[in-house]
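Enquirer: pasting the sequence and the predicted model now:
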Protein chains: 2
Amino acid sequence: MFIIGELINGMYQDIAKAIKEKHKAIIQKCALEQVKAGASALDVNCGPAAREPINDIQWLVQAIQEVTDKPLALDSSKPQVIESGLKVIKNKAIINSTTADPEKLQALVPLAKKYNARLIGLTISAKGIPQNKDQRLELAAAIVAHCAEEGFPIDDLYLDPIVLPVNVAQAQMKDILESIREFKIISEPSPKAIVGLSNVSQGASARSLVNRTFLVMALAYGLDGAILDPLDKDLMDAAITAELILNKHIYCDSYLEAYRKK
Amino acid sequence: MFIIGELINGMYQDIAKAIKEKHKAIIQKCALEQVKAGASALDVNCGPAAREPINDIQWLVQAIQEVTDKPLALDSSKPQVIESGLKVIKNKAIINSTTADPEKLQALVPLAKKYNARLIGLTISAKGIPQNKDQRLELAAAIVAHCAEEGFPIDDLYLDPIVLPVNVAQAQMKDILESIREFKIISEPSPKAIVGLSNVSQGASARSLVNRTFLVMALAYGLDGAILDPLDKDLMDAAITAELILNKHIYCDSYLEAYRKK
């Protein structure tokens, strides 16, 4: 699976402080720890309190690129912040994210095309958070249709069903899982499915347990990627084992270590 | 989910010895520990080396019934051993198990009817272990058809797709999971799906991790029950959390404890 490490995010105090003080070593350590733990890519988010996100994201990207060449996911609700990051990214970037709103799609799909980036599309719109599977599929279809019209390669599109916290939206969990399966049959070639995992346990007890249980279920439904905390070893063990059961990598007695060394 | 505790089985040395020496306290302790850990029912198997299984199973059932009124699953390949156990069982029994072979069905379905027992049907036949989903569904359909003809209530039928070890049959795991989903649409009312869980990790490293990861996936595919080790706390935590996500019980901050107290 495509694992995007979530920890370089200005909503965490230590990262916010490092960005403010331009303390490169803290960011680079956080990047390397996630890569070592199995991240395929790294999310980069200046955080809600950033005063100069257009500059900050460039500084973050450059600091991280000094220590790793893993793909970076530029995480912002502001297209101009994402474009600023794209200008300095060396490898194939990920845009995190567009919604199904026409103005967002019109701003971000051309950027994704121009920079040959992957694009995460959230099945959400100005009307609010979807309340069931049909609403998720309707928004997903709108995103896919827009991308297809613009000539954006659907292979590079990751649809996110919007994972809600289990403690407030328990009745929607099955719909969210089924959305993952149905996203894949919207078009041929099929878009990929991704989730922002940690939200499922927001405000819940036993967060790691809830996260890894949901992730295993989502993988069984065909999930391709997740934004998550790769330093959660139990979570990574569960993900690796789920992919073993799904025959994505070959069994050997030391399959956990073998996967990590890969 | 319907959890059948697997530990009262003569293939374990301590249980075999207790059966041989008619040491009731060991069996009763094993029964109570499993019930306390969350078992909804208990498997009862005299083991491969039992010399007098027809008597032994009655002794086991009576010993267990002195300390718990949980349903018991009579686990034997010999119909006469199962019938012997049925004669002394007080509550609704589970017959574990029939295969899809006509002679097995002809022996066990009438017994299940006569004693108002639940019946586990393995999708296996004298031809061997099924190699893919279609073979599983064909055998499942044969079992359902036989039960329907005999007037056995399909609500009380649990189909088992035959879980193979991940280290020898990795390519079949997805088929096994999908069989669980498809069993449910064979008839209306639908049969239930059950697995003998531990086999998935037979000979593998990280057994508990493999067991719980497969169980979570199977629950996401609609599994109703499993024969498993309820003393594996991580496994039970995973099962309870999977059912939470599937909205089978209501979230509260102490949902793990709340479920166990139930």
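Expert: Great, that's in hand. Every value quoted in this text rests on a predicted model; they were computed, and no experiment measured them.
Enquirer: could you check how many residues crowd around A:Ser97?
Expert: Neighbourhood size, A:Ser97 [other Cβ atoms under 10 Å in any protein chain shown]: 24. C-beta here means a position set from N, CA and C on the backbone, and glycine is covered the same way.
Enquirer: quick one: residues contacting it.
Expert: By Cβ atoms under 8 Å, 6 or more residues apart in numbering or on different chains, the residues touching A:Ser97 are A:Asp75, A:Leu119, A:Ile120, A:Gly121, A:Leu122, A:Asp160.
Enquirer: closest to B:Lys36 out of these?
Expert: Checking those against B:Lys36 with Cβ to Cβ, the nearest one is A:Asp160 at 41.5 Å.
Enquirer: just to check, the closest one is in contact with A:Leu119?
Expert: No. Using Cβ atoms under 8 Å, A:Asp160 is not in contact with A:Leu119, being 10.7 Å away.
Enquirer: ok, back up a step: and the furthest pair within the contacts of A:Ser97?
Expert: A:Asp75 and A:Gly121 (13.9 Å).
Enquirer: so which of the contacts of A:Ser97 wins on neighbours?
Expert: Going by other Cβ under 10 Å, A:Gly121 tops those with 29 neighbours.
Enquirer: packing partners for the helix or strand hosting that one?
Expert: Per DSSP states H and E, A:Gly121 falls inside strand A:118-122. If you count contacts as 3 or more Cβ pairs under 8 Å, 6 or more residues apart in numbering or on different chains; DSSP states H and E, strand A:118-122 packs onto strand A:94-98, helix A:102-114, helix A:133-150, strand A:157-160.
Enquirer: ranking the ones you listed by burial, who's on top?
Expert: strand A:157-160 (a mean of 28; mean count of other Cβ atoms under 10 Å in any protein chain shown).
Enquirer: A:Lys90 - nearest residue in space that isn't next to it in sequence?
Expert: Spatial nearest neighbour of A:Lys90, excluding adjacent residues (Cβ to Cβ, 6 or more residues apart in numbering or on different chains): A:Gln65 at 5.9 Å.
Enquirer: pull the contacting residues for that neighbour.
Expert: Listed by Cβ under 8 Å, 6+ apart, the contact set of A:Gln65 reads A:Leu72, A:Val88, A:Ile89, A:Lys90.
Enquirer: local confidence estimate at the closest residue to A:Pro161 other than its chain neighbours?
Expert: Closest residue in space to A:Pro161, ignoring its immediate chain neighbours: A:Ser179 at 4.1 Å, by Cβ to Cβ, 6+ apart. Confidence at A:Ser179, expressed as pLDDT, is 98.
Enquirer: and A:Ser179, how many neighbours does it have?
Expert: A:Ser179: 28 surrounding residues under other Cβ under 10 Å.
Enquirer: do the same with A:Glu257
Expert: Residues lying near A:Glu257 (other Cβ under 10 Å) number 12.
Enquirer: what about it, which SS state?
Expert: Recorded secondary structure, A:Glu257: helix (DSSP: H, G, I helix; E, B strand; the rest coil).
Enquirer: and the stretch 151-262 of chain A, which residues reach chain B?
Expert: The stretch 151-262 of chain A has residues A:166-167, A:170-171, A:173-174, A:177, A:200, A:204-206, A:209-210, A:213-214, A:216-217, A:219-221, A:237-238, A:241-242, A:244-247, A:250-251, A:253-256 near chain B, with proximity defined as Cβ under 8 Å from any Cβ of the partner chain.
Enquirer: any of these buried? List them.
Expert: By neighbour count, with 16 or more other Cβ atoms under 10 Å in any protein chain shown, these hold A:166-167, A:170, A:173-174, A:177, A:200, A:204, A:206, A:209-210, A:213-214, A:216-217, A:219-221, A:237-238, A:241-242, A:244-246, A:251, A:255-256 as buried.
Enquirer: and those residues, which of them are in helices?
Expert: Judged by DSSP state H, those include A:173-174, A:177, A:209-210, A:213-214, A:216-217, A:219-220, A:237-238, A:241-242, A:244-245, A:255-256 as members of helices.
Enquirer: out of the contacts of A:Ser97, the closest to chain B would be?
Expert: Nearest to chain B among those is A:Asp160, at 17.6 Å by Cβ to the nearest Cβ.
Enquirer: tell me the bridge partners for the spatially most central residue of chain A.
Expert: The centroid of chain A falls nearest to A:Ile227 when counting by Cα atoms, centre = their mean (3.8 Å). For A:Ile227, the beta-bridge assignment (DSSP bridges) gives partners A:Ile4, A:Gly196.
Enquirer: distance of A:Leu223 from chain B?
Expert: For A:Leu223, the distance to chain B (Cβ to the nearest Cβ, to the nearest Å) stands at 11 Å.
Enquirer: repeat that for A:Ile227.
Expert: Separation of A:Ile227 from chain B (Cβ to the nearest Cβ) stands at 18 Å.
Enquirer: again, but for A:Ile94
Expert: 27 Å.
Enquirer: thinking again about what came up before, indicate which one of the helices and strands packed on strand A:118-122 is closest to B:Ala25.
Expert: Of all these, it is helix A:133-150 that lies closest to B:Ala25, at 52.8 Å by Cβ to Cβ.
Enquirer: show me what the closest one is packed against.
Expert: Taking 3+ Cβ pairs under 8 Å, 6+ apart as the contact cut, helix A:133-150 packs with helix A:102-114, strand A:118-122, strand A:157-160, helix A:173-183.
Enquirer: now the angle from the longest one to strand A:118-122?
Expert: Relative orientation of helix A:102-114 versus strand A:118-122 (axes from the mean of the first three to the mean of the last three Cα atoms, to 10 degrees): 160 degrees.
Enquirer: now do helix A:102-114 against strand A:94-98, angle only.
Expert: Going by the same axes, to 10 degrees, helix A:102-114 makes 170 degrees with strand A:94-98.
Enquirer: residues in contact with helix A:102-114?
Expert: Under Cβ under 8 Å, 6+ apart, the answer for helix A:102-114 is A:79, A:82-83, A:86, A:95, A:98-99, A:117-119, A:143, A:146-147, A:150-152, A:156.
Enquirer: kindly report the same for the last one.
Expert: Contacts of helix A:173-183 from elsewhere in the structure, counted by Cβ under 8 Å, 6+ apart, are A:123, A:132-133, A:136-137, A:140, A:159, A:161-164, A:166, A:190-191, A:193, A:195, A:200, A:214, A:217-218, A:221-223, B:220, B:245-247.
Enquirer: how far out from the middle of the chain is that helix?
Expert: How far helix A:173-183 lies from its chain's middle: 17 Å, per Cα atoms, centre = their mean, to the nearest Å.
Enquirer: equivalent analysis for the second one, please.
Expert: Distance of strand A:118-122 from its chain centroid, counting by Cα atoms, centre = their mean, is 8 Å.
Enquirer: quick one: strands adjacent to that strand?
Expert: The strands beside strand A:118-122 in its sheet (DSSP bridges) come out as strand A:94-98 (parallel), strand A:157-160 (parallel).
Enquirer: next, the angle from the first one to helix A:133-150.
Expert: Relative orientation of strand A:94-98 and helix A:133-150, computed by the same axes, to 10 degrees: 120 degrees.
Enquirer: what's the average pLDDT for strand A:94-98?
Expert: Summarised as a single mean, pLDDT over strand A:94-98 is 98.
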